[in-house]
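J.: Here is a sequence with its predicted model. Questions after.
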Amino acid sequence: GMGASFNAATDRIDVADHSSLSITGNLTISGWAKINTQPADTKYVCIARKYTATGNQRSYSLIYYNGAGTYTLYGDISGNGSTATTASFNITQDTLWHHYAMVYVPSTSITLYIDGKQVNQQTTSVPASIFDSTAITYLGSDGSGSADTYLDEVIIENVAWSAARVKQQYTFAKGRYGII
């Protein structure tokens, strides 16, 4: 892919609220990220996010977050717009390309994958549907001090991929990112 480079506090791609991103059922977010400079403390890189706290407009989010030097992949799903159920996994910091994915199955699970491998699954308090917010969907910076980052092949799809499908997506593309 061609990818996109984000290297400033406000570098991001904004997509206006659109019916194709107003997913309320099964969901997969998948994308490649290369984080050259880690986000500042309490800041994050958005792989994809339709989510804002203003006016309780939370839907879904897959982010890479810095919490006091602990780097964590978070997958969030909100069923009511104001609170979210989260799956998370602490990440070893590096500057290599990685494939990140979140799969949501209503009332069942939120599953996180890194490089084709399942790293966490949340099965408690999983919403029956995703809140259809009017928030923009954005990729890249959180708007307040993100990192030097590349994103590529970001997919937001209204299908819950199987673990085999996530692995296939990783395996198919990994050679393009210098992964043998």
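T.: Right, received. Where do you want to start?
J.: D148 against F6, yeah?
T.: Yes. Counting by CB atoms under 8 Å, D148 touches F6, with 7.5 Å between them. No exception for glycine: its C-beta is placed from N, CA and C like everyone else's.
J.: hmm, which helix or strand of the chain has the shakiest average pLDDT?
T.: The helix or strand of the chain with the poorest confidence is strand 4-6; it has a mean of 79 (mean pLDDT, DSSP states H and E).
J.: so what does that strand touch, helix or strand wise?
T.: Applying 3 or more CB pairs under 8 Å, 6 or more residues apart in numbering; DSSP states H and E, one finds that strand 4-6 makes contact with strand 137-141, strand 149-157.
J.: Mean neighbour count added to the ones you listed, as TSV?
T.: Shown next, in TSV, are the helices and strands packed on strand 4-6 (neighbours: other CB atoms under 10 Å):
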stretch	mean neighbour count
strand 137-141	23
strand 149-157	19
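J.: what about the ones you listed, which gets the closest to A87?
T.: Checking the helices and strands packed on strand 4-6 against A87 by CB to CB gives strand 149-157 as the closest, at 16.8 Å.
J.: mind listing what the closest one pairs with, with the direction of each?
T.: Strand 149-157 has its sheet partners listed here by DSSP bridges as strand 4-6 (antiparallel), strand 27-35 (antiparallel).
J.: and whichever helix or strand comes after the first one, what does it pack onto?
T.: By that I understand strand 4-6. Following strand 4-6 in sequence order, the next helix or strand is strand 12-15 (DSSP states H and E). Judged by 3+ CB pairs under 8 Å, 6+ apart, strand 12-15 is in contact with strand 137-141.
J.: Look up phi and psi at T108.
T.: In terms of degrees, to the nearest 10, the main-chain angles of T108 are phi -120, psi -60.
J.: which ones are touching it?
T.: Contacts for T108 (CB atoms under 8 Å, 6 or more residues apart in numbering) come out as T123, V126.
J.: Also N7?
T.: Shown in contact with N7 (CB under 8 Å, 6+ apart): D148, T149.
J.: what about it, distance to L112?
T.: From N7 across to L112, the span is 26 Å (CB to CB, to the nearest Å).
J.: quick one on the thing from earlier: just the strands paired with strand 149-157: most buried one?
T.: Among the strands paired with strand 149-157, ranked by average contacts under mean count of other CB atoms under 10 Å, first place goes to strand 27-35 (a mean of 23).
J.: Beyond that strand, next helix or strand please.
T.: Assigned by DSSP H and E, the successor of strand 27-35 is strand 44-52.
J.: Name the residues of whichever helix or strand comes after that next one that are buried.
T.: Under the assignment DSSP H and E, the closest C-terminal helix or strand after strand 44-52 is strand 57-67. For strand 57-67, the neighbour count (16 or more other CB atoms under 10 Å) marks Q57, R58, S59, Y60, S61, L62, I63, Y64, Y65, N66 as buried.
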